[in-house]
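Below are the sequence and a predicted model; questions follow.
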Amino acid sequence: MRTWTCILDQNDAVRYEQNTTPVPWPCDSVLQRAATGISLVAHANHYRTPEDTHYTAQWFGRRTMEPKSHANHPPCSGFQATNSYRQGKMKTKALLQTYCWRMTTLAAIALATATNNTGAQAGPDPASAPPNQVAPPVKPELIVTNRPVPVLFLIGDSTVHNADEGLKGWGDVVGKFFDTNKIRIENHARGGRSSRTFQTQGWWDHVLAAARPGDFVMIQFGHNDASPLDDTNRARGTLPGLSDESKEIYNPITKKHERVRTYGWYMRKYITDARAKGVTPIVCSPVPRLPKQTVQPDTMQTNSYAVWAQQVALQENAFFIDLHALILRHYVGLTPEEVKSKYFTTHDNTHTSPIGAELNAACVVEGLRQLKDCKLRDFLLP
């Protein structure tokens, strides 16, 4: 049986951690805090039946469940939830309960709204979902339509969100640069996805279902788009370039025929879909991998997907942040060994350490401040 703990950090970002052992429930404590206008209440009132002990962190949808059903119930987002316990029913708005295992960290590991508190389907940490896992069906009855603040959706791959030990994506830390009393940051990035598979697996559908006019979406893909189109491992690649070219393939993962498009085609679809919902799209070039040589100011390496991302944004008159170039400027004068020791880990040359994620997030904000007509700037902290 898998159980999860939902963790709300100081930036109101939510992540999930899988528990390897049952987590004991604290007693006689209530924590209440406000986040973007939604009250979060953590209750721990002697719910220590054997079933409750094994049920450490779950999401409650619009349903009533007895404690015995909790342990095997998969996570799902919950709003206006009603939950049955032996001490009676509890009803709260945006109720998502998780009881922390350490009373001293109740303020950080406690009841939290879903990562997708706008109504997009929630679940275990996105980065821990297998690369070939498809999204669950969108459930319209769980979509919240009257939320008090706009949302900045982040979509991308594991360079945007990463839950592996010792690693971070820039989307995991960028929230601290925003006034989260006025805007909600939701990191929907999924590890292992390309611009193609984030759409074909249904993850983009969840963002669109939750999106409302006045929201924003930052789009960063490219690291996985050069993969094979139809291999038996992930089948996630896209055709190179920006044209409307396509190729018919048999996808061994889905066991279906599929028409694969270019990277530019999928990126244009994100922009078009977002605008159709009244959402402002912001395209980001993919973050750079570890440089192969010392970075010089006049010879910074380029990347095809960074160029194509910029060209798509220009073609579609969309906002663009050249994240690839902004980050490389901070590497100028550093050898590959110095860059790796400071911003990467021994894991690989693609995924950043927490310090590297902080740098990349700061570069996102630096690029955003340069977009004079982008209203998302208004939500940045001074």
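Looks like it came in fine. Residues are numbered from 1 along each chain as shown.

Validate this expectation: residue 261 resides in a strand.
Yes: looking at residue 261 with DSSP: H, G, I helix; E, B strand; the rest coil, it is inside a strand.

where does the nearest residue to it once chain neighbours are set aside land on pLDDT?
Sequence neighbours aside, residue 246 is the residue nearest to residue 261 in space, at 5.1 Å (criterion: Cβ to Cβ, 6 or more residues apart in numbering). In short, each C-beta sits where N, CA and C put it, glycine included. On the pLDDT scale, residue 246 is placed at 98.

Measure how buried residue 246 is and give me the count.
Applying other Cβ atoms under 10 Å, we find 13 residues neighbouring residue 246.

again, but for residue 243
Residue 243 has 12 neighbours, counted by other Cβ under 10 Å.

Over to residue 252?
12.

what's the answer for residue 273, then?
Residue neighbour count, defined by other Cβ under 10 Å, stands at 18 for residue 273.

wait, is it part of a helix?
Yes: using three-state DSSP, the assignment for residue 273 is a helix.

Which positions in stretch 329-344 come out as buried?
Using 16 or more other Cβ atoms under 10 Å as the test for burial, stretch 329-344 gives 330, 331, 334, 336, 339, 340, 343, 344.

Relative to residue 376, which of these is nearest.
Here the nearest of the buried residues of stretch 329-344 to residue 376, counting by Cβ to Cβ, is residue 330; it sits at 22.2 Å.

in which helix or strand would I find the closest one?
Assessed by DSSP states H and E, residue 330 sits inside helix 323-331.

Quick one: list the elements packing against that helix.
helix 354-369 (3 or more Cβ pairs under 8 Å, 6 or more residues apart in numbering; DSSP states H and E).

So which bits of the helix it packs on are buried?
For helix 354-369, a neighbour-count test (16+ other Cβ under 10 Å) marks 356-368 as buried.

Show me the contact partners of that helix.
With contact meaning Cβ atoms under 8 Å, 6 or more residues apart in numbering, helix 354-369 is reached by 159, 162, 166-174, 176-177, 218, 282, 284, 287, 321-323, 326-327, 330, 342-344, 352, 374, 376-377, 380.

got a list of contacts for the helix holding residue 330?
Residues from elsewhere that reach helix 323-331 (Cβ under 8 Å, 6+ apart): 220, 284-288, 291, 295, 297, 300-301, 303, 306, 339, 359-360, 363-364, 366-367.

Out of the residues you listed, list just those in helices.
The members of those that map onto helices under DSSP state H are 306, 339, 359, 360, 363, 364, 366, 367.

re earlier: just the CA trace of the helix holding residue 330, in CSV.
Listed next in CSV are the C-alpha coordinates belonging to helix 323-331 (Å, rounded to 0.1, in the frame of the first residue of the first chain):
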residue,chain,number,x,y,z
LEU,A,323,15.8,31.3,-20.2
HIS,A,324,18.6,29.4,-22.0
ALA,A,325,20.6,32.6,-22.7
LEU,A,326,19.9,34.3,-19.3
ILE,A,327,21.2,31.3,-17.4
LEU,A,328,24.3,30.9,-19.6
ARG,A,329,25.3,34.5,-18.8
HIS,A,330,25.6,33.4,-15.2
TYR,A,331,28.0,30.6,-16.3
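
now it and helix 354-369, what's the angle there?
120 degrees (axes from the mean of the first three to the mean of the last three Cα atoms, to 10 degrees).

and the buried residues of helix 354-369, which two are the farthest apart?
Using Cβ to Cβ, these span at most 18.9 Å, a distance reached by 356 and 368.
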